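**Q** pasting the structure only:
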């Protein structure tokens, strides 16, 4: 009887751990422990990689109930950097993302689906080039804990594919889609 | 100059001694912090404070130079050579401070990031102004800081020499006793 109670108690504490409260984090873009990277086909022969240097965002994360998490990111589209100034100028132009007209891109999560083993889908609305579309980010929890400087951190990575046509961005040749690779480390508020 | 005072005025004296304490502290912290391990609890805080105090010291120094120009200073004592050397040392200290402020700023702002002053306000970054900016500015900052400290040592020894050997007014006019 005692053993059963103990086992039941243990099972209970493990199932409903620590009041399930989500903590709020600021994405550490200031310390550049986060990056918004993209990969796009060049002529169908290879890929170019680039990133958006300026962005900010926040997320709330509850390790025990991932589905209660939320994330919000705002990207400065004028900060596009593919390591080639003339190409950056071209991509920023109205031929592609029209960064002067649509200077921000945003992502706001609407739902998290826990797939177990630290993997989950972050479903949300992505606004890019003035178009808002539902997007699913294939995300993975990497790690969390204390940093050496008195803060608490949590980090993730995520990938998703955007079809340029969905965002009304002109498609040229084989470059019909963009793969995003996101690395996100947050510092607890 | 019949109205030439016997001492520096209170504001000039205060700013001088505050600057002296800050500069010695900043030198010590600077030498110490560049060798901190990434996992040291001071790794983020020490440079943040060093940069914050550096910006504030730059503002204080600007105020100091303006005050020095618009107020009367007591006369410099000693032989002709001593007076020329003293003037040269003072001018070098101001010039070297400017070099240290500018080079320090250039280290931290090459990528366009601003400098946060104790999270009170941010001095905007000007970005990369020349090739290899952060590395070159770092070297200049290091040698200029050493030059400042060595000059300050000579400056202090000279003041003590005037006080104890010549028994003149040199140190008193900065301490504020007659």
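**A** Now that the structure is in, tell me what you want to look at. On a predicted model such as this, the values are computed, not experimentally measured, just so you know.
**Q** quick one: residue A:128 and residue A:167 touch, right?
**A** Yes. With contact defined as C-beta atoms under 8 Å, residue A:128 reaches residue A:167; the gap is 4.7 Å. No exception for glycine: its C-beta is placed from N, CA and C like everyone else's.
**Q** which is the next helix or strand following the strand ranked longest in chain A?
**A** Taking DSSP state E as the criterion, chain A has its longest strand at strand A:131-146. Per DSSP states H and E, strand A:131-146 leads on to strand A:152-163 as the next helix or strand towards the C-terminus.
**Q** now residue B:154, what's its secondary structure?
**A** Secondary structure assignment for residue B:154 (DSSP: H, G, I helix; E, B strand; the rest coil): helix.
**Q** Just give the nearest non-adjacent residue to it, would you?
**A** Distance criterion C-beta to C-beta, 6 or more residues apart in numbering or on different chains; nearest residue to residue B:154, sequence neighbours excluded, is residue B:89 at 6.6 Å.
**Q** Can you give me every residue that contacts the one you found?
**A** Neighbouring residues of residue B:89 by C-beta atoms under 8 Å, 6 or more residues apart in numbering or on different chains: B:151, B:154, B:155, B:158.
**Q** can you give me the helices for chain A?
**A** For chain A, helices defined by DSSP state H occupy the ranges A:2-15, A:85-92.
**Q** same check, this time on chain B
**A** B:10-33, B:45-70, B:80-108, B:133-161, B:172-175.
**Q** Can you spell out which helices and strands pack onto the last one?
**A** It stands for helix B:172-175. helix B:10-33 (3 or more C-beta pairs under 8 Å, 6 or more residues apart in numbering or on different chains; DSSP states H and E).
**Q** For residue B:71, see how far away residue B:3 is.
**A** Residue B:3 sits 11 Å away from residue B:71, going by C-beta to C-beta, to the nearest Å.
**Q** Those two - which one has more neighbours?
**A** Neighbours were counted for residue B:3 and for residue B:71 using other C-beta atoms under 10 Å in any protein chain shown; residue B:71 has more, 12 against 5.
**Q** The spatially closest residue to the more buried one that is not a sequence neighbour: how many residues sit nearby?
**A** Counting by C-beta to C-beta, 6+ apart, residue B:9 is the residue found nearest to residue B:71 once chain neighbours are left out, at 5.7 Å. Neighbours of residue B:9 under the rule other C-beta under 10 Å: 14.
**Q** Just the pLDDT for residue B:9.
**A** The model reports residue B:9 with a pLDDT of 92.
**Q** Contacts for stretch B:57-72, please.
**A** By C-beta under 8 Å, 6+ apart, stretch B:57-72 touches B:1, B:3-5, B:9, B:11-12, B:15-16, B:18-19, B:22-23, B:26, B:94, B:97, B:101.
**Q** how about 6 Å then?
**A** Stretch B:57-72 is contacted by residues B:5, B:9, B:11, B:12, B:15, B:22, B:97, B:101 when judged by C-beta atoms under 6 Å, 6 or more residues apart in numbering or on different chains.
**Q** what's the distance between the second one and residue A:59?
**A** It stands for residue B:9. Counting by C-beta to C-beta, the gap from residue B:9 to residue A:59 is 56 Å.
**Q** cool, the fifth one as well?
**A** Going from residue B:15 to residue A:59 by C-beta to C-beta gives 47 Å.
**Q** Between these two, tell me which one has more neighbours.
**A** More neighbours surround residue A:59 than the other of residue B:15 and residue A:59, with 21 against 18 (other C-beta under 10 Å).
**Q** From residue A:45, how far off is residue B:120?
**A** 52 Å.
**Q** Could you measure from residue B:38 over to chain A?
**A** 7 Å (C-beta to the nearest C-beta, to the nearest Å).
**Q** can you check residue B:11 too?
**A** Taking C-beta to the nearest C-beta, one finds residue B:11 at 37 Å from chain A.
**Q** Repeat that for residue B:7.
**A** 46 Å.
**Q** Residue numbers of chain A in contact with chain B?
**A** With C-beta under 6 Å from any C-beta of the partner chain as the criterion, chain A meets chain B at residues A:148, A:149.
**Q** please redo it, this time with the cut-off set to 10 Å
**A** A:30, A:31, A:32, A:53, A:54, A:79, A:147, A:148, A:149, A:150, A:151 (C-beta under 10 Å from any C-beta of the partner chain).
**Q** hang on, isn't residue A:160 packed against residue A:128?
**A** No. Counting by C-beta atoms under 10 Å, residue A:160 sits too far from residue A:128 to count as a contact (11.7 Å).
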